[in-house]
Structures are given as structure tokens and as C-alpha cells.
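S.K.: Predicted model and sequence below, questions to follow.
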Amino acid sequence: MRHIAIVGSGPAGYYTAEAALKQWGEDVRVDIFDTLPVPFGLIRSGVAPDHQSIKGVSRRYEATALTDNVRFVGNVMIGRDLTISELQALYDAVILATGAPNDRKLGIEGENLPNVFGSASFVGWYNGHPDFADLDPALSHDTAVIIGNGNVALDVARILAKSQAEFAGSDIVSHALTALDASKIRRIVILGRRGPHQIAMTPKELGELGHLERACPRVEAADLPDESEDATLEPGQRKSVGHLRSFAGTDQGECKPDQVRVEFDFFASPKAIIGTERAEEIEVERTRLDGDKAIGTGETYRIPAGLVVACIGYQTSKIPDVPFDERNGRFANEEGRISPGLYCVGWARRGPTGTIGTNRPDGFAIIEKVAEDIGEGTGKAGRPGFDALAAQRGINYMKFTDWQKIDEAEVANARDGSPREKFVAVEKMIAAASKP
Ligand SMILES: Cc1cc2nc3c(=O)[nH]c(=O)nc-3n(C[C@H](O)[C@H](O)[C@H](O)COP(=O)(O)OP(=O)(O)OC[C@H]3O[C@@H](n4cnc5c(N)ncnc54)[C@H](O)[C@@H]3O)c2cc1C
């Protein structure tokens, strides 16, 4: 028998569990730990609430989750409730699938001013992550500035630009819906250090911005390279750049007063955020490309910015006694191996890149390595050992059936037309799970 602990119940965690079942069938027991009482990581708290078809992927993990050989052990944070060495003493292999939940820092003056957020907190706020439910961003200023040229920046821009009616069918939490309804934001500036050919935005998400009820996306025609140069791009990127070209087209006219103007400001590097009580302006330096790198030109300008959201990437949270790669912001590893018996997978292994599906081959690859290393198992106590320790420590963990009760209660609490109203406080989740 092999006893495997997976830390983190996001896509990487569940795909790894699926791979373990494929590899060993009846001869494995997998416990999937998560800090939260609810599973699925960023599928619940990252993926945009108005992209329900993508969130629906979590249903596919249920086949794995409901197998007797796999357990969800929620509301247990590794590194706080249990140390890594305690876990390693109980399981043949410990696989960290903890993602990358911390925002990378901008490293500029003013980034700690009120109403300057990283995307982890801002997205967590509208998606109801308990750590960010009380963020309470002020949406009372005319202009918001979003820093970054990836899909997360697009998610944030779309959420800020949408009308209330366009949230129908989404599971955006009510506190965010109410705040967005009262929002005064009418101009959203998306800053990118490099140009249109260097964006990391996918065509579907960019195209969507062009079809919103009141968003008016705009690109400066002068920022676009000559159209003939698009031929060098791979097809997806060419399509994305095609959307940017349509946002710059001469037939676009002016945005109407009741629209929300979404401006793409390319070749623009943030230098400082300025304000007294809270963010008021952002100072930006014009850049130019040197090869693929953005170089400052020395020319600066300011944009009003009552809200700043930096969508510039994430880092893994450190866990005591686990070697960390500071440069790349993830666990130090060799193709997923950290040290004997300790592994990492998903964003905790490779950093915040790729789609949900990218984590599947990652999960299968790590189980191959674990299989090479642990053979028939090393005779550790596994599940019963953890249960004994949990009882001794008074750790009251959540099972998958508890999550199913929380799920049911969230669905029952949904606003009209919404799939669920999420609990945003851990205590409320636990209370829902305790109901008979
Ligand atoms: C804003 C945003 C939107 C996205 N939208 C899309 C999209 O539309 N389509 C797409 O394909 N991909 C999208 N992605 C990417 C996708 O979410 C990731 O590829 C995927 O979630 C990474 O999976 P993971 O399992 O490595 O990490 P995560 O999903 O972050 O899961 C990590 C889990 O580990 C838990 N955890 C962390 N530390 C501990 C600890 N010490 N002890 C116990 N548990 C712990 C966390 O609570 C969490 O549940 C998006 C990402 C973001 C940030």
C-alpha cells in the first residue's frame, strides 16, 4: 500500500490524485489537504465568476473525489496545523500542490497606498475568497488603472466594465455585485510595458471585451506594428492582435458618455503611485522595445488613478522547512522533486503559467516520479496515523461530504439566475457543513 498526501485541492491536486488512482488503483490511499473547508483552489476563487463553463471543470474532479481511496481533508493548513515533517512521517510521499497565491510586488513607490491592490486580493474579493472578502475597494473615482497585459488583467477590466444585467448567471458574490452597481468608474486604463505583439491575452477573452454592453475598448493605432508583421505570430496571438486592431479601427468613433472606456496603454511602465489618503494618480514612463525587452525612454506622464490593480503575476507561499526558489517565487525543485519523499506540482512547481489543463500532464508526470521513488510503499501509517494525530490535536477537518453540504447550501442561497451564493467566511462554511 502507498500513502500519498497532496497539499492543495486545486486542479494540480486533483489531477495528481487522478494520476495516483490510475497508477495504483486499489493499492493507494490519497489524502488531499486544503487550508479552506472548500475544495478546488483557483477554480472557485480565481476563474472569473462570469465564466461558469470554465468553473464547471471542477465537476469533473468529483469522480476522483468520491472514490473511497481519495479523501478531502479541508480546513487544515500545512505549515500551521501540521508541519511538513509531521506529514512526511505519516505518508510515503508528500506532494505540494499549493499554487501561487501571493501577488508579485510592483516594487514602486506608493504601492502600499490604500486602494492599490494585487490581483490575488482583488479577484479574491469578487470571487468570495475568505481572506479577501473584507477588502472593500473604493470604486468612487472615475478612472481605474490595471497593470499587466495578461488574461487576469482582462478579467479585472471586464468585471469593472460590466453592467449589472451582464452578471446574470454568474456567481459573483453579492458584496461585489452591490459595490460594482454603485461604481463610478467610467475609464479603465490597462498598462503594458511592451507592445501589442507581446500581450499574453487569449483571443476569446479579448474578443469578449468587444461585445460587452457598455465597454468601449480603445487602442492607439500608432501603437500597432505594421499589419504585415502579424504574419510572424502564432495563430492564437495573431487573432488576439486582430482584436486589438479592431479596437483601433478608424470606424470606431468616440466612446459614448454612458460607456466605460477601456484604454490599452502600451509601451507604458508604471513608475510611482501618487496620493495622500489613497491612490490618486500613477506616474508612467514611456518605453520602447529593444528586441523583446521594454526600455524606458525617460518620457513620463501621469494618469488619474483612484483604483490600481496590479495583475503582474504570483508567487507560491513559503512553508517552513521547504526549500524555496526566491528568484522564481516557487518551491526549489528538479522536475517536481524537492527532497526525498517531498514533491511539488502545478503552480507550486512551475510558477503561475498555463491553463487549468496544463496541470493534468503535470500531475501525471509527478506520479511517475513518485512511483519510481517509493516502489511498493515504505510502510508508513498514512490515513489512520493522520486521524490519530488529528484527534489528539483537536483538528476538526472537513470531508468531501461536508463540502457537498456547503455546496448544497450555497446553491440554495443563490440569487435569482445565479448558480450559487458563496459563503465568504470560514465559520459560515463550517456551520453549513454541520447542519444535519
Ligand atoms: C484570476 C485567475 C483567473 C484564471 N482563469 C483561468 C481560466 O479562465 N482558464 C484557465 O484555464 N485557467 C485560469 N487560471 C489559471 C488556473 O486557475 C491555474 O492554472 C490553476 O488553478 C493552478 O492550479 P494549482 O492546483 O497549481 O493551484 P491553485 O488552484 O491555486 O490551488 C492551490 C490550493 O492549495 C491550497 N493551499 C495553499 N497553501 C496551502 C497549505 N499550506 N496547506 C493546505 N492547502 C494549501 C489553496 O487553498 C488552494 O486550494 C486563472 C488563474 C487566475 C489567478
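M.R.: On my side now, so go ahead. Keep in mind the model is a prediction, meaning the values are calculated, not measured. Residues are numbered from 1 along each chain as shown.
S.K.: what's near enough to touch the closest residue in space to Asp131 that isn't next to it in sequence?
M.R.: Using CB to CB, 6 or more residues apart in numbering and skipping the chain neighbours, the partner closest in space to Asp131 is Gly124 (6.2 Å). The C-beta positions use only the backbone N, C-alpha and C, and glycine is treated the same way. Neighbouring residues of Gly124 by CB atoms under 8 Å, 6 or more residues apart in numbering: 45, 131-133, 135.
S.K.: quick one: Gly124 is in a helix?
M.R.: Yes: counting by DSSP: H, G, I helix; E, B strand; the rest coil, one finds Gly124 located in a helix.
S.K.: Quick check: residues of the stretch 201-350 of the chain near the ligand?
M.R.: With CB under 6 Å from any ligand atom as the criterion, the stretch 201-350 of the chain meets the ligand at residues 317, 319, 346-348.
S.K.: okay, and the helix or strand of this protein with the least pLDDT?
M.R.: Lowest mean confidence among the helices and strands of the chain (mean pLDDT, DSSP states H and E): helix 58-65, at a mean of 92.
S.K.: Following element in sequence after that helix, please.
M.R.: strand 70-74 (DSSP states H and E).
S.K.: re earlier: now go through the residues of the stretch 201-350 of the chain next to the ligand and say which are in helices.
M.R.: Counted as lying in helices by DSSP state H, out of these, are 347-348.
S.K.: on that earlier part again, tell me how far the residue nearest to Asp131 lies from the ligand.
M.R.: Gly124 is 9 Å from the ligand, where distance means CB to the nearest ligand atom, to the nearest Å.
S.K.: Now do the contacts for the closest residue to Gly8 other than its chain neighbours.
M.R.: Using CB to CB, 6+ apart and skipping the chain neighbours, the partner closest in space to Gly8 is Ala97 (3.5 Å). By CB under 8 Å, 6+ apart, Ala97 lies in contact with 6-10, 12-13, 16, 344-346, 348.
S.K.: mind checking how far Ala97 is from the ligand?
M.R.: For Ala97, the distance to the ligand - CB to the nearest ligand atom - is 5 Å.
S.K.: Give the buried residues for the helix or strand hosting Gln237.
M.R.: Following DSSP H and E, one finds Gln237 within helix 235-248. Residues of helix 235-248 classed as buried by neighbour count (16 or more other CB atoms under 10 Å): 237, 239-241, 243-244, 247-248.
S.K.: before we move on, what about stretch 410-425?
M.R.: Applying 16+ other CB under 10 Å to stretch 410-425 flags 410, 418-424 as buried.
S.K.: I'd like those as CSV, with pLDDT, secondary structure and distance to Pro225 appended.
M.R.: As requested, these are exported to CSV (pLDDT from 0 to 100; DSSP: H, G, I helix; E, B strand; the rest coil; distance: CB to CB, whole Å):
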residue, pLDDT, secondary structure, distance to Pro225
Glu410, 98, helix, 47
Ser418, 96, coil, 42
Pro419, 96, coil, 42
Arg420, 97, coil, 44
Glu421, 98, coil, 46
Lys422, 98, coil, 43
Phe423, 98, coil, 48
Val424, 97, coil, 44
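S.K.: Please work out the average pLDDT along the longest helix seen in the chain.
M.R.: Looking across the chain with DSSP H, the single longest helix is helix 359-374. Mean per-residue pLDDT for helix 359-374: 97.
S.K.: Next one, pLDDT for Gly253 please.
M.R.: Gly253 is assigned 69 on the pLDDT scale.
S.K.: same check, this time on the one 5 residues further on
M.R.: In the prediction, the pLDDT value recorded for Asp258 is 91.
S.K.: looking at it, it is touching Arg214, isn't it?
M.R.: Yes: at 6.5 Å, Asp258 counts as touching Arg214 under the criterion of CB atoms under 8 Å.
S.K.: ranges for the helices of the stretch 201-350 of the chain?
M.R.: Ranges of helices within the stretch 201-350 of the chain are 203-209, 235-248, 347-350, based on DSSP state H, counting those that start in this stretch.
S.K.: now for the last one, which elements pack on it?
M.R.: Think helix 347-350. Contacts defined by 3 or more CB pairs under 8 Å, 6 or more residues apart in numbering; DSSP states H and E place helix 347-350 against helix 11-24, strand 330-331, helix 359-374.
S.K.: Out of the ones you listed, which is the most enclosed?
M.R.: Scoring those by mean neighbour count under mean count of other CB atoms under 10 Å gives helix 11-24 as the most buried, with a mean of 25.
S.K.: pull the CA atoms of that helix into CSV?
M.R.: Once non-C-alpha atoms are left out, helix 11-24 reads as follows in CSV (Å, rounded to 0.1, in the frame of the first residue of the first chain):
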residue,chain,number,x,y,z
PRO,A,11,-6.6,21.5,-10.4
ALA,A,12,-3.0,20.3,-9.8
GLY,A,13,-4.0,18.5,-6.6
TYR,A,14,-7.0,16.7,-8.2
TYR,A,15,-5.2,15.8,-11.4
THR,A,16,-2.4,14.3,-9.3
ALA,A,17,-4.9,12.3,-7.3
GLU,A,18,-6.4,11.0,-10.5
ALA,A,19,-3.0,10.0,-11.8
ALA,A,20,-2.3,8.2,-8.5
LEU,A,21,-5.5,6.2,-8.9
LYS,A,22,-4.6,5.3,-12.5
GLN,A,23,-1.2,4.2,-11.4
TRP,A,24,-2.0,2.1,-8.3
